[in-house]
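Q: Provide a 3D model corresponding to the input given below.
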Amino acid sequence: MSKKQIKEDLQGARDLIEKHGWRQGDLGTITEGFCILGALDYHLVVVEHDASVARGERVLQYLESFTGGDVVSWNDLEGRTKEDVLDLFDRAIESL
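A: Numbers count the residues shown, from 1 in each chain. This is a model prediction of the structure:
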C-alpha cells in the first residue's frame, strides 16, 4: 500500500468524523458520529467498497505510530475530545 493510499484513507476517515461527529465506546454511524475505527471502517467498506482487512490494518498501524499504542484505547480514553482526534489525523496526514 502506498503512502498516497494511506493518506487518502486517513483523510476520508477524518472527513467523516468532522462532518458527522465523533464518539467513544462503539464504532458509530452516520447519524451518531464515529470513533476512529468506525470512521476508517465506514470509509473503506462503504465509500471505497474495499473490505480488505490488510488495508485497514496498515492504516491503523500507521496511526498507532502517533498514538503510541492501540488506537481504540486512545480514542476511548476519558477526557479525549473530537479536537484531539482531528489533530491526530492532521498530524498523521501531514507526515505523509
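
Q: So for the protein, the centremost residue is which one?
A: I36 (3.7 Å; Cα atoms, centre = their mean).

Q: how close does that one get to G68?
A: 14 Å (Cβ to Cβ, to the nearest Å). All C-beta atoms are positioned from the backbone trio N, CA, C, and that covers glycine.

Q: just K7 next, same as before
A: Distance, K7 to G68, using Cβ to Cβ: 21 Å.

Q: before we move on, what about W74?
A: 8 Å.

Q: Those two: who's more crowded?
A: In terms of neighbours (other Cβ atoms under 10 Å), W74 is the more surrounded of W74 and G68; the figures are 18 against 8.

Q: would the more buried one count as being in a helix?
A: Yes. Counting by DSSP: H, G, I helix; E, B strand; the rest coil, W74 is part of a helix.

Q: Now do the same contact list for it.
A: W74 makes contacts with 36, 67-68, 80, 88, as judged by Cβ atoms under 8 Å, 6 or more residues apart in numbering.

Q: quick one: pLDDT of it?
A: Per-residue pLDDT puts W74 at 98.

Q: swap in the one 4 residues further on?
A: Residue-level confidence at E78 comes out at 98, pLDDT.

Q: And L37, by the same measure?
A: Looking at L37, its pLDDT is 97.

Q: do M1 as well
A: pLDDT, M1: 73.
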